[in-house]
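Colleague: okay, predicted coordinates and the sequence, questions at the end:
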Amino acid sequence: MALATATALLVSSCSSSGSEDDQDSADGTPSNSPAATAPSTPGTPDPSTTEPGTPTPAPTAPGTTAPAPGTPGSSTPPGTPPGNPAPPAGARWQPTPGLAWQWQLGGGVDQSVDVPVYDIDGFENDASVVAALHAKGRKVICYINAGSWEDFRPDSAAFAKSLQGSDTGWKGEKWFDIRKLDQLKPLMAARFDMCRSKGFDAVEPDTIEAYNQNSGFPLTPDDQLKYNRMLAQLAHERGLAIGLKNDLDQIPALLPDFDFAVNEECAQFDECDRVAPFVKAGKAVFHVEYKLDTDQFCGKAKSLGFSSMRKKLELNAWRKPC
């Protein structure tokens, strides 16, 4: 949503880029499945479509005791099961260029899409969803918002008013003051702990380019670099891969810190060459377009080694891959 926040504002509030696709399934075939229907407001939880299931605690390593969630010494939100300790350095997943993916943040996750990578909402999906995808051989990325406050998240009360700036343009969201690392680091650590405890393989932190937005704070590029590197460190300490979401200007500086990229609309704005360094470094670029059809961007995307598809702005199950 970082560029999606900026870009989606350019894309405007249109709920999708093509009404002719509204009744299509995740892979573009006709379907009336509820899984292909997203909430009317992008990013707003829809409890009626959330996957059922109770998280199953993962065993801790022999001789270690995980602190109970919500107790001193634990950064895990209450109600989240303790997870495995971080694996040894170098053991985290390293997504390689060309992996097909599904990105679904709206509605109950359609698990029938035959791709090796899923990117789903970390709060709205429990451990049973991640386990079911793992059972099918999928890697699963945990979407969380790392750069702006959302009033509908269960931990929203933990973020002080002083951390909240201007509206992002999405309902119920305000930019964070990313200069306040001492306050935001433990809160982000708790979110990453949630991702790890549910069994996710990686994290997609959203809205991580506040420095070039109207955030309400005098943020600098250096502020953003420090914040984004802090996020990368938190992920790696937990054995999670982490993706750089948009933030094109800082790719040269942040490439060593991030394991893959997530990009929105680089083809529409003729910016895909700026994301290509990830592929040259052997790291995947997971890319979507909202307004262009596949014949307008897939040729270039494939030549660059991107994992590309067209999605609707609400990011429901529908997809049209290259």
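Modeller: Ah, there it is. Fair warning: this is a prediction, and the values are worked out from it, not measured in the lab. Numbering: from 1, shown residues only.
Colleague: what about the helices in the chain?
Modeller: Along the chain, the stretches classed as helices by DSSP state H are 2-11, 127-135, 181-197, 221-237, 251-254, 272-275, 277-280, 298-304.
Colleague: using CSV, please lay out the ones you listed together with mean neighbour count.
Modeller: C-beta: built from backbone N, CA, C; applies to glycine. As requested, these are arranged in CSV below (neighbours: other Cβ atoms under 10 Å):
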stretch, mean neighbour count
helix 2-11, 20
helix 127-135, 18
helix 181-197, 20
helix 221-237, 19
helix 251-254, 15
helix 272-275, 16
helix 277-280, 17
helix 298-304, 16
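Colleague: can you redo those as CSV with distance to Val115?
Modeller: Shown next, in CSV, are the helices of the chain (distance: least, Cβ to Cβ, whole Å):
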stretch, distance to Val115
helix 2-11, 21
helix 127-135, 10
helix 181-197, 20
helix 221-237, 22
helix 251-254, 25
helix 272-275, 20
helix 277-280, 18
helix 298-304, 16
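Colleague: which stretches of the stretch 51-200 of the chain have low pLDDT?
Modeller: 51-90 (pLDDT under 70).
Colleague: on that earlier part again, relative to Gln102, which of the helices of the chain is closest?
Modeller: helix 127-135 (9.7 Å; Cβ to Cβ).
Colleague: quick one: the closest one to chain centroid distance?
Modeller: 17 Å (Cα atoms, centre = their mean, to the nearest Å).
Colleague: counting contacts, what elements does that helix pack onto?
Modeller: strand 139-145 (3 or more Cβ pairs under 8 Å, 6 or more residues apart in numbering; DSSP states H and E).
Colleague: switch to 10 Å and redo it
Modeller: In terms of contacts (3 or more Cβ pairs under 10 Å, 6 or more residues apart in numbering; DSSP states H and E), helix 127-135 is packed against strand 117-121, strand 139-145.
Colleague: can you show me the strands along this structure?
Modeller: 101-104, 117-121, 139-145, 148-150, 164-167, 173-176, 202-206, 241-245, 260-264, 285-289, 307-310, 320-321 (DSSP state E).
Colleague: nearest to Arg229, of those?
Modeller: Among the strands of the chain, the nearest to Arg229 by Cβ to Cβ is strand 241-245 (10.4 Å).
Colleague: centre of the chain versus that closest one, how much separation?
Modeller: That offset, for strand 241-245, works out to 8 Å (Cα atoms, centre = their mean).
Colleague: now the angle from it to strand 139-145?
Modeller: 50 degrees (axes from the mean of the first three to the mean of the last three Cα atoms, to 10 degrees).
Colleague: starting from strand 241-245, tell me which strands it pairs with and how they run.
Modeller: Take DSSP bridges as the rule and strand 241-245 pairs in its sheet with strand 202-206 (parallel), strand 260-264 (parallel).
Colleague: buried set for that strand?
Modeller: Neighbour counts using 16 or more other Cβ atoms under 10 Å place Ala241, Ile242, Gly243, Leu244, Lys245 of strand 241-245 among the buried residues.
Colleague: dump the strands paired with strand 241-245 to CSV, plus mean pLDDT.
Modeller: CSV is the format used below for the strands paired with strand 241-245 (pLDDT from 0 to 100):
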stretch, mean pLDDT
strand 202-206, 98
strand 260-264, 98
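Colleague: quick check: which of those is buried the most?
Modeller: Mean neighbours per residue, mean count of other Cβ atoms under 10 Å, is largest over the strands paired with strand 241-245 for strand 260-264, with a mean of 27.
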